[in-house]
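Enquirer: everything below, folded, please.
(one chain, ligands or ions: 1)
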Amino acid sequence: MSTNSIKDISQRIVKAGRALHHQGLVRGTSGNISARIPGTDTFLITPSGASMENLRPEELVLADLLGNKIRGETSVSLETPMHAVIYRARKDVQAVVHTHAPTATAFGIAKKEILPLQIELFMLLPNGVPVVPFKTPGSKALADAVQKKIANHDALILENHGIVTVGSTIEAACSLNEMVEEGAKIQFLVMMLTGQDTINLAELKKKFKT
Ligand SMILES: [Zn+2]
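Expert: Numbers count the residues shown, from 1 in each chain. As a prediction, this is how the structure comes out:
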């Protein structure tokens, strides 16, 4: 894989990070983005303790699929084991985005899954967005817990932490992150309007005829 591709992917990660910051999905030094380098067993990931707002392409770190740093001036993100386990488990995934999107994160704290209530979200996430039980950030236990659920879901909520989305491109994984946050906001509004929490995934599947 040519240096140009790594350069191109680095620039796209930086651009995506800035957009996530502007959308309020990441704040301070929270969140991380990674992207597989096509044709290799490596991926680029945002460094530990970096702000997405001011990230520079040269700060990104190259890691292998076990999460070990291969190249880079800075340390890999704390969440690298989680990203690595996703690339090992899902050959189709080219990018992973982790944010602390506020509404979706609140659902995780309340231990509530996010349901695909709108048809567009349902088409992307027919199995909804389940909550992965709390494990320490950066731990192997968290990576193992994510591995169990990622096979059947492109988006997960990490209890008392944030959300993770995957995609076939960096842009698709970021877009899904935004859509999950929007879905959480809509679900919250529905809960406020109806005063209850009666909709379930089985009913939605029936309604949308899958
Ligand atoms: Zn986090």
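Enquirer: C-alpha only now, for contacts and for neighbours.
Expert: Fine.
Enquirer: low pLDDT regions in this protein?
Expert: Of all residues in the chain, those with pLDDT under 70 make up the ranges 1-4, 210.
Enquirer: ok, which stretches of it are helices?
Expert: 3-22, 80-89, 102-109, 119-124, 140-150, 170-194, 201-207 (DSSP state H).
Enquirer: so which of these comes closest to residue 134?
Expert: Closest to residue 134 of the helices of the chain is helix 140-150 (Cα to Cα; 7.6 Å).
Enquirer: just checking, what packs against that closest one?
Expert: Applying 3 or more Cα pairs under 8 Å, 6 or more residues apart in numbering; DSSP states H and E, we find helix 140-150 packed against helix 80-89, strand 131-132, strand 155-158.
Enquirer: let me see the residues that make contact with it.
Expert: With contact meaning Cα atoms under 8 Å, 6 or more residues apart in numbering, helix 140-150 is reached by 81-83, 85-86, 89-90, 132-136, 156.
Enquirer: CA atoms only: put it into PDB for me.
Expert: Presented in PDB, the C-alpha positions along helix 140-150 are these (Å, rounded to 0.1, in the frame of the first residue of the first chain):
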ATOM      1  CA  LYS A 140      -9.300  -6.600  27.400                       C
ATOM      2  CA  ALA A 141     -12.600  -7.300  29.100                       C
ATOM      3  CA  LEU A 142     -14.200  -4.400  27.200                       C
ATOM      4  CA  ALA A 143     -12.700  -5.600  23.900                       C
ATOM      5  CA  ASP A 144     -14.100  -9.100  24.600                       C
ATOM      6  CA  ALA A 145     -17.500  -7.700  25.500                       C
ATOM      7  CA  VAL A 146     -17.600  -5.700  22.200                       C
ATOM      8  CA  GLN A 147     -16.400  -8.700  20.200                       C
ATOM      9  CA  LYS A 148     -19.500 -10.700  21.400                       C
ATOM     10  CA  LYS A 149     -21.900  -8.100  20.000                       C
ATOM     11  CA  ILE A 150     -20.200  -6.600  17.000                       C
END
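Enquirer: mind listing what's buried in it?
Expert: 142-143, 145-147, 149-150 (16 or more other Cα atoms under 10 Å).
Enquirer: can you redo those residues as TSV with distance to residue 20?
Expert: Formatted as TSV, these follow (distance: Cα to Cα, whole Å):
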residue	distance to residue 20
142	23
143	23
145	25
146	22
147	24
149	24
150	22
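Enquirer: okay, the helices and strands packed on helix 140-150, which one's buried deepest?
Expert: Sort the helices and strands packed on helix 140-150 by mean neighbour count, taking mean count of other Cα atoms under 10 Å, and strand 155-158 sits at the top with a mean of 28.
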